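Colleague: Any chance you could fold what I've pasted below:
(chains A and B)
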Amino acid sequence: AQRVTQPEKLLSVFKGAPVELKCNYSYSGSPELFWYVQYSRQRLQLLLRHISRESIKGFTADLNKGETSFHLKKPFAQEEDSAMYYCAFTRGWFGNEKLTFGTGTRLTIIP
Amino acid sequence: DTGVSQDPRHKITKRGQNVTFRCDPISEHNRLYWYRQTLGQGPEFLTYFQNEAQLEKSRLLSDRFSAERPKGSFSTLEIQRTEQGDSAMYLCASSLSRSMGGTDTQYFGPGTRLTVL
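Modeller: Just a heads-up that it's a prediction; the model follows:
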């Protein structure tokens, strides 16, 4: 079954400390991986996608096909990073496709 | 605001009633998606349209659910004979498909929160 696993429902990190949000996926093909973020009282929005290899707001994520992981990292957490983070994937080359989401991780940055 | 809009933002209804939600996508976007999100879960796919054609429906979408996109612009999602289990946030997203494949960014609306009493 196609599935995304985010093992941590809640994660608290001190400001300035490194952040890592874990994501593993289950799919035998070549997926496209995404991280979406939802700040308080805002809509869900794309944070980054693996094919663009961009660093957005200091976050990066590397697709590891061997471990089927796409962990989100940031070296120094900031208070404005507090939000709900969802890992998601599509089946890639099939074109615009439904997103399969994980259950999300609520990140809280402690001042 | 030129983003995806949804109406209403909140809907409270009694079990057994019918409800209809509307989604207005970003104007040039040809794909439109509906997702449902329950407490503690990530969004789950329900259905999607390319222009006015409904291309895929999830098994989550029972016979009580119907979605339309009659002119390839806005879309409606109707739930007939609502049940308490239908209580959820219903999210709409839109994207612009590219002929070369790959997945374009889906832009989400604010959602419609349905409470069935």
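
Colleague: which SSE is the residue nearest the centre of chain B in?
Modeller: The residue lying closest to the centre of chain B (C-alpha atoms, centre = their mean) is B:Trp34, at 2.8 Å. B:Trp34 belongs to strand B:31-37 when elements are defined using DSSP states H and E.

Colleague: In its sheet, which strands sit next to the helix or strand harbouring B:Cys23, and in what direction?
Modeller: In this structure, B:Cys23 sits in strand B:19-24 according to DSSP H and E. Within its sheet, strand B:19-24 is paired with strand B:5-7 (antiparallel), strand B:75-79 (antiparallel), according to DSSP bridges.

Colleague: circling back: which residue packs closest to the residue nearest to the centre of chain B, ignoring adjacent ones?
Modeller: B:Leu46 (4.3 Å; C-beta to C-beta, 6 or more residues apart in numbering or on different chains). Glycine gets a C-beta too; all of them are placed from N, C-alpha and C.

Colleague: wouldn't that neighbour be in contact with B:Leu60 here?
Modeller: Yes - with contact defined as C-beta atoms under 8 Å, B:Leu46 reaches B:Leu60; the gap is 6.0 Å.

Colleague: Give the residues shared as contacts by the two.
Modeller: Residues touching both B:Leu46 and B:Leu60 (C-beta atoms under 8 Å, 6 or more residues apart in numbering or on different chains) are B:Arg36.

Colleague: so who does the spatially most central residue of chain A touch?
Modeller: Centroid check for chain A by C-alpha atoms, centre = their mean gives A:Trp35 as the closest residue, at 3.4 Å. By C-beta under 8 Å, 6+ apart, the contact set of A:Trp35 is A:21, A:23, A:46-49, A:59, A:61, A:70, A:72, A:85-88.

Colleague: out of these, who's near chain B?
Modeller: A:46, A:49, A:86, A:88 (C-beta under 8 Å from any C-beta of the partner chain).

Colleague: tell me the least confident of those residues?
Modeller: Lowest pLDDT among the ones next to chain B among the contacts of A:Trp35: A:Arg49, with 88.

Colleague: Identify the spatial nearest neighbour of that one, chain neighbours not counted.
Modeller: A:Phe34 (4.8 Å).
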